[in-house]
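Chemist: Only the shape, not the letters, is given here:
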């Protein structure tokens with residue numbers, strides 16, 4: 001066990017987590033020889049530890065790649081499986097020699113703030129209050145965070161100090177969100193097997209087959225994990241076109257995003273946005289009409305009560321496996337909409353007094369990502385992680401204005417989370433190297449408030465912290481702050497009507 005008097009290692013940069021965000025951060029900050037702590041024995045994050053046999057990417061591979069490491073056969077429009085994604089991530093980590101920075105089987109068990117020993121650091125800490133002021137440099141030669149790590153299987157405790165700590169543990173995995181039931185109506189009264197998707201994802205193919213074979217299985221949930229579970233034997237996903245037009249034309253180009261509000265917009269946009277509201281609604285209705293025509297949503301009672309735009313604005317679209325509804329037509333998948341449910345000894349009971357018999361209940365009820373971060377951080381920062389609206393107020397999706405010398409990558413969502421994470425890691429690297437400075441804490445909080453207001457106006461699901469409707473504008477501002485050109489295309493036609501992806505941000509141009 002490490003002594004309290006000394007530290008085994010001191011480094012400029014520490015990174016927690018070796019998922020997509022963690023390896024991207026390690027690559028971009030490699031000039032500082034970062035130390036990456038990964039609690040498991042492999043990279044990949046949720047793609048390694050929260051995937052099922054049927055889990056596939058929700059976007060074509062060419063929209064989910066690093067700017068300097070294209071997919072092999074990137075023009076293949078198929079949706080890669082989670083195994084293909086893991087191979088791609090391993091290829092990236094090997095190509096850029098990222099693996100040498102990672103300490104596997106190393107779980108962070110405690111973080112302590114020690115930066116108040118130097119007056120040069122960020123906002124001054126006064127137990128329960130953080131006083132706004134100027135945010136200090138991320139790297140200035142003094143340790144700010146002390147991290148205690150438990151190494152497995154020896155369970156040895158080691159201590160490290162860092163000037164900058166980058167948290168990349170993500171919003172998914174680790175802590176399952178479990179339903180709360182009335183007294184005597186929880187899983188203890190159920191005679192069958194209850195399993196959260198986190199536990200199910202750890203099963204190998206044979207164990208999963210044995211669990212489900214010949215059983216009546218109830219899947220609780222309605223998003224991607226639930227769909228994957230319900231169609232575990234699906235072999236391929238379908239491309240996403242709307243009435244013969246590629247989907248990106250409606251939301252993922254600069255011209256299409258011009259219809260939507262942005263956090264920082266001029267007088268002309270402020271005047272135009274209310275006038276463009278009917279057109280935004282028309283686009284949403286146009287896509288809804290296609291989905292209702294293409295898919296038997298009405299037949300199975302699955303048509304949402306809210307507009308399509310709200311799902312897109314909260315990053316909740318799900319691409320259905322090819323045979324999802326064909327299996328439903330055979331009666332192998334049945335649907336039930338209910339706001340409340342609980343257990344009885346033979347299965348599940350709903351708030352309309354109907355009952356469903358089940359041998360196995362799989363809970364696709366999500367994860368407690370915010371609780372995961374709050375558990376990791378010490379006070380007063382743990383209490384400051386979320387603002388009064390219940391989201392993390394992250395400047396540029398990376399810096400919490402009230403938590404000094406710490407960065408968070410992978411906590412805002414977009415249509416391509418890999419692209420979002422990589423660009424912010426590039427921004428963070430240039431910030432750490434002193435190419436530019438952060439604005440005052442007040443200005444960062446003000447920017448966060450503007451983004452929150454836009455998300456609130458666009459979707460009731462704003463707490464997911466999704467920037468999909470203004471992602472290009474968000475990237476514009478990041479580029480400008482780094483000293484890059486914000487318009488990345490070769491001509492105005494492409495700039496207006498071509499989708500943006502990671503390749504547009506490979507380097508300054």
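Modeler: Ah, there it is. Please read all numbers here as calculations on a predicted model, not as lab measurements.

Chemist: Run through who's touching stretch 333-347.
Modeler: Applying Cβ atoms under 8 Å, 6 or more residues apart in numbering, the contact partners of stretch 333-347 are 179, 181-182, 185-187, 189-192, 194, 216, 218, 220, 230-231, 300-302, 324, 327-328, 348-352, 354-358, 361. Glycine gets a C-beta too; all of them are placed from N, C-alpha and C.

Chemist: for it, how far is the first residue from the last?
Modeler: End-to-end distance for stretch 333-347, by Cα to Cα, to the nearest Å: 16 Å.

Chemist: Run a quick neighbour tally on residue 28.
Modeler: 23 (other Cβ atoms under 10 Å).

Chemist: wouldn't it be in contact with residue 421 here?
Modeler: No: assessed by Cβ atoms under 8 Å, residue 28 is found out of contact with residue 421, at 10.1 Å.

Chemist: Name the next helix or strand following the lengthiest helix in the chain along the chain.
Modeler: For the chain, the longest helix by residue count, based on DSSP state H, is helix 267-294. Per DSSP states H and E, the first helix or strand lying C-terminal to helix 267-294 is helix 308-313.

Chemist: next structured bit after that following helix?
Modeler: Past helix 308-313, the next helix or strand by DSSP H and E is helix 324-329.

Chemist: ok, and for the helix or strand following that next one, which residues are buried?
Modeler: Moving toward the C-terminus from helix 324-329, the next helix or strand (DSSP H and E) is strand 341-344. Residues of strand 341-344 classed as buried: 341, 342, 343 (neighbour count, 16 or more other Cβ atoms under 10 Å).

Chemist: before we move on, the earlier item: which among the contacts of stretch 333-347 count as buried?
Modeler: 187, 190, 192, 194, 218, 220, 230-231, 300, 324, 328, 348-349, 356, 358, 361.

Chemist: Among these, which are located in strands?
Modeler: Of the buried ones among the contacts of stretch 333-347, the ones assigned to strands by DSSP state E are 194, 218, 220, 348, 349, 356, 361.

Chemist: longest strand anywhere in the protein?
Modeler: strand 156-167.

Chemist: what helices or strands is it leaning on?
Modeler: strand 9-16, strand 145-151, strand 406-408 (3 or more Cβ pairs under 8 Å, 6 or more residues apart in numbering; DSSP states H and E).

Chemist: Can you say which of those is nearest to residue 259?
Modeler: Ranking the helices and strands packed on strand 156-167 by proximity to residue 259 (Cβ to Cβ) places strand 406-408 first, at 29.8 Å.

Chemist: Now do the closest one, average pLDDT.
Modeler: In this model, strand 406-408 has a mean pLDDT of 96.

Chemist: And stretch 351-358, by the same measure?
Modeler: 87.

Chemist: contacting residues around it?
Modeler: With Cβ under 8 Å, 6+ apart, stretch 351-358 has contacts from 192, 216-218, 336, 338-341, 344, 346-350.

Chemist: Confidence-wise, which of the buried ones among the contacts of stretch 333-347 comes last?
Modeler: Lowest pLDDT of the buried ones among the contacts of stretch 333-347: residue 231, 62.

Chemist: can you give me the angle the longest strand of the chain makes with strand 9-16?
Modeler: 60 degrees (axes from the mean of the first three to the mean of the last three Cα atoms, to 10 degrees).

Chemist: strands paired with strand 156-167, and their directions?
Modeler: Here strand 156-167 has these sheet partners by DSSP bridges: strand 9-16 (parallel), strand 145-151 (antiparallel), strand 406-408 (parallel).

Chemist: just those: most buried one?
Modeler: strand 406-408 (a mean of 25; mean count of other Cβ atoms under 10 Å).

Chemist: which secondary element of this protein has the worst mean pLDDT?
Modeler: Least confident element among the helices and strands of the chain, by mean pLDDT, DSSP states H and E: strand 129-130 (a mean of 44).

Chemist: mind putting the ones in strands among the buried ones among the contacts of stretch 333-347 in CSV, distance to residue 18 included?
Modeler: Output for these, formatted as CSV (distance: Cβ to Cβ, whole Å):
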residue, distance to residue 18
194, 31
218, 34
220, 31
348, 37
349, 42
356, 40
361, 32
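
Chemist: So which of those is the closest to residue 74?
Modeler: residue 220 (36.8 Å).

Chemist: got a list of what that closest one touches?
Modeler: Contacts for residue 220 were tallied using Cβ under 8 Å, 6+ apart; they are 179, 226, 341, 348, 361, 362, 363, 364, 365.

Chemist: picking that back up, any chance of the helices and strands packed on strand 156-167 in JSON lines, plus distance to residue 397?
Modeler: Below are these laid out as JSON lines (distance: least, Cβ to Cβ, whole Å):
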{"stretch": "strand 9-16", "distance to residue 397": "17"}
{"stretch": "strand 145-151", "distance to residue 397": "21"}
{"stretch": "strand 406-408", "distance to residue 397": "8"}
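
Chemist: which residues in the stretch 51-200 of the chain form strands?
Modeler: For the stretch 51-200 of the chain, the strands defined by DSSP state E, counting those that start in this stretch cover 102-103, 106-113, 125-126, 129-130, 145-151, 156-167, 193-196.

Chemist: quick one: residue 163 from residue 140, how far?
Modeler: Distance check for residue 163 against residue 140: by Cβ to Cβ, to the nearest Å, it reads 7 Å.
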